[in-house]
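Trainee: quick one, fold the following:
(2 chains)
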Amino acid sequence: MSLARGLVRPLVFGGLGAVVGLMIGLLAGFLPVRVSEGTLPYPHVIPKSQDGVSLRFAMVHDVIHERFPRHSTAYYKERNRLTGVSLDVLKSGPPHETRSKRYYDLTNDLAVGLEMAGDHAAAIALMKEKLKLQTELNLPELDLYSTHANLGTFLILGPFRQVRPGNKEDQATLQEGLQHIKTAIKINPDSHFGREVWQATIIEYMIALYDDPQLLLKFDMIGNRLSGGLESTGHLGILDGGAHFGGVKRTGLSPISNFGVNFGGVKAARSAAEYLRHPETWEQHKEARRQGIKHIGADEGWNNAVDSGHKSQVPFDEPTLGIIGMWRLGGGAHPYFAMALGETMLRVGQNYIAWSAFERAARLAAFAWPDPKLQERFTAHCRERQQLVEAKLTQEEVARLLPAFEAELAFGQAYQRDYQQFEADRIAAGAHIDDPNFYADFDAKRGPIASPVGDADWFRIADEPTSQQPSILEISLVLAGIFALVAVAFRSS
Amino acid sequence: MRLLLAVLLSGGVFVATAPSATACLWDKEVVGHEKQFKSSYIEHAAPNSTEPPHMVQRIGSSIGVLGGVGVLMLAGAMLVGVVRHREASKRSTSENTP
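Mentor: Below you'll find the predicted structure:
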């Protein structure tokens, strides 16, 4: 009985200390999290909008190596012929037919087809005529969206294809095109899957280049600064912010900095995984999705150098998807695209893709600006960036980079050549381009061109505590001991 | 002269073959392209696993040096408490003994 009474005081105070320790541990995030081994997505695999497209690194790899289908000139000429026939039918009908949505849609198809088939002036003339007609009819703004988008795009193509430094007319054309693109964005911000914002940015970049071509060596088209090492600027890593990574070992993309467990990292990734499995739960995962995506672009000095609507850093997947869209659906490879992809991939630790993007940019340097010295320095920057990547690899890995790039690029270009030849042959043989089976034979023979999505967009975790931080149990025991000792000491005094 | 020639030739190549940078062309194929593009890449949720890993919060299993120190302090306090109480009881008994 005497023994038990002697234990009461230290046990009561020890218990109090243990409770305080538990609370401190919980509040400070020292509670270990047990995670069964598995794969979780990085937050960029969640689209920005519910039905939007989300980025996979395989997409970046594929545009750099031309692994996607592109229509032939023969295809567009045939499409233009068929569209012209349909328009003629409408024109020969009652007058209201030429004010119908179908008429306007066909006009868009014809104008785009003319541009893609090389008749630039006719494409612009057709869109201007459409805009005039729609404006006279005082149509709702939304009906004018595609007109502004197409006309803005056609207008800028001239100065982009033929850069004439100092040419005021070209600068004015770029400004006019930019205004149409901005109007299109204002009318329908969510159309074109958010790409127009990046098209506006590249036009603004080009306008700034007309004033200062040296800008080409300072920033890429989304404002990533080209000078300086990336290690010292803290740019590396795929995720922003977050807390320490406590208690759980993870492997996969490297480097993965600051991907927290206790403060939301793995929790957010699990939420993202749940969303991917059940896309209908979009609203439920609103809080967690897309947390911590690495922000890039608009580096220091960009806002002074370029008069752009793009003024602050953005999640890296947004301009990346914009560039992929411009590359695939627009005019194709461009050194500004390749440079921006290289700088972005370098900043998120995708070294192989970054190396390939810089290789592509170097090979396109002749189109960056019509000044051989600038082209040389543009290429030199690409080679310096490639060396940054190579410094992290073994000699054997470095030796494989160039042959792998050339083989992949040759594969993609051969695919596009064969695809275009197939189209020309089928059209010559009398096949209809709108036939759902038009490409059946080609697809059966060649299979899909898109690279399989690898594991770069996911990371693996395993239940292997690696942290040296004290566990919540340890904190509780220490505080229980301290409280108990103080309690008995206080009594003795 | 050589430099001038290089500039002119370079400009010539540029004019002849420069690629364009467009994104916003809008025609009947845009939506179909986008759907096809999405389905080419997005269809699988994860490359190696269909089930997200389970996550369970737990009390740490390892006590470690810090925990050991805490246990020793607690045991010491309990020992001191028992000894002090026993001594106090003895004193109280002897004081009450006539």
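
Trainee: and the residue nearest to A:Ala368 when sequence neighbours are not counted, how far from A:Gly93?
Mentor: Once flanking residues are discounted, A:Ala368 sits nearest to A:Pro335: 4.3 Å by Cβ to Cβ, 6 or more residues apart in numbering or on different chains. C-beta: built from backbone N, CA, C; applies to glycine. Noted for A:Pro335: a distance of 47 Å to A:Gly93, by Cβ to Cβ, to the nearest Å.

Trainee: which one of these two has more residues nearby?
Mentor: Legend: neighbour count by other Cβ atoms under 10 Å in any protein chain shown for A:Pro335 and A:Gly93, higher for A:Pro335 (27 against 12).

Trainee: how about residues contacting stretch A:385-401?
Mentor: A:Gly229, A:Leu230, A:Gly342, A:Glu343, A:Leu346, A:Asn351, A:Tyr352, A:Ala354, A:Trp355, A:Ser356, A:Phe358, A:Glu359 (Cβ atoms under 8 Å, 6 or more residues apart in numbering or on different chains).

Trainee: same check, this time on stretch A:69-89
Mentor: Counting by Cβ under 8 Å, 6+ apart, A:103, A:106-107, A:109-110, A:113-114, A:116-118, A:332, A:415-416, A:419-421, A:423-424, A:427-428, A:433-434, A:449 sit against stretch A:69-89.

Trainee: do the same with stretch A:178-187
Mentor: Against stretch A:178-187 from outside (Cβ under 8 Å, 6+ apart): A:141-142, A:144-146, A:148-149, A:151-153, A:155-156, A:191-192, A:196-197, A:199-200, A:203-204, A:207, A:309, B:24.

Trainee: low-scoring pLDDT stretches of chain A, where are they?
Mentor: A:1-3, A:28-38, A:191-193, A:229-267, A:286-289, A:461-470, A:491-493 (pLDDT under 70).

Trainee: what are the structural domain limits within it?
Mentor: Following automatic domain parsing, chain A resolves into domains at A:2-33+A:236-293+A:463-492, A:57-235+A:294-452.

Trainee: would you list those domains in a markdown table and tack on distance to B:Glu29?
Mentor: Formatted as a markdown table, the domains of chain A follow (distance: least, Cβ to Cβ, whole Å):
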| stretch | distance to B:Glu29 |
| --- | --- |
| domain A:2-33+A:236-293+A:463-492 | 25 |
| domain A:57-235+A:294-452 | 8 |
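
Trainee: ok so, going back, any of the contacts of stretch A:178-187 buried? List them.
Mentor: A:144-146, A:148-149, A:151-153, A:155-156, A:191-192, A:196-197, A:199-200, A:203-204, A:207, B:24 (16 or more other Cβ atoms under 10 Å in any protein chain shown).

Trainee: could you work out the end-to-end span of stretch A:180-195 for me?
Mentor: End-to-end distance of stretch A:180-195 (Cα to Cα, to the nearest Å): 14 Å.

Trainee: nope, stretch A:162-175 is what I meant
Mentor: 16 Å.

Trainee: how far off centre is it?
Mentor: 29 Å (Cα atoms, centre = their mean, to the nearest Å).

Trainee: buried stuff in that stretch?
Mentor: Under 16+ other Cβ under 10 Å, the buried positions of stretch A:162-175 are A:Val163, A:Arg164, A:Asp170, A:Gln171, A:Thr173, A:Leu174.

Trainee: show me those residues that map onto helices.
Mentor: Those of the buried residues of stretch A:162-175 mapping onto helices are A:Asp170, A:Gln171, A:Thr173, A:Leu174, per DSSP state H.

Trainee: distance of the third one relative to A:Leu157?
Mentor: Translated: A:Thr173. A:Thr173 is 9 Å from A:Leu157, by Cβ to Cβ.

Trainee: so A:Leu155, which of the three states?
Mentor: Assigned with DSSP: H, G, I helix; E, B strand; the rest coil, A:Leu155 falls in the helix class.

Trainee: hmm, A:Glu176 and it touching each other?
Mentor: Yes. Assessed by Cβ atoms under 8 Å, A:Leu155 is found in contact with A:Glu176 at 5.6 Å.

Trainee: is it fair to say A:Thr39 lies in a strand?
Mentor: Yes. Checked against three-state DSSP, A:Thr39 lies within a strand.

Trainee: which single residue in the stretch 251-400 of chain A comes nearest to chain B?
Mentor: Chain B sits closest to A:Gly331 of the stretch 251-400 of chain A, with a gap of 2.8 Å, by Cβ to the nearest Cβ.

Trainee: what about A:Ala431, distance to B:Lys28?
Mentor: Relative to B:Lys28, and taking Cβ to Cβ, A:Ala431 is found at 18 Å.

Trainee: same question but for A:Phe13, I mixed them up
Mentor: The value you get for A:Phe13 to B:Lys28, if Cβ to Cβ is used, is 78 Å.

Trainee: have a look at the two and say which one is more surrounded.
Mentor: A:Phe13 (23 against 14).

Trainee: helices and strands around the longest helix along chain B, which ones?
Mentor: As assigned by DSSP H, the longest helix anywhere in chain B is helix B:64-96. For helix B:64-96, the elements it packs on are helix A:2-28, helix A:472-492, judged by 3 or more Cβ pairs under 8 Å, 6 or more residues apart in numbering or on different chains; DSSP states H and E.

Trainee: okay, buried residues for it please.
Mentor: B:67, B:69-71, B:73-74, B:77-78, B:80-82, B:84-85.

Trainee: how about stretch A:299-312?
Mentor: For stretch A:299-312, the neighbour count (16+ other Cβ under 10 Å) marks A:Asp299, A:Trp302, A:Ala305, A:Val306, A:Ser308, A:His310 as buried.

Trainee: returning to what we had before: for the record, mean pLDDT for the longest helix of chain B?
Mentor: Averaging pLDDT along helix B:64-96 gives 83.
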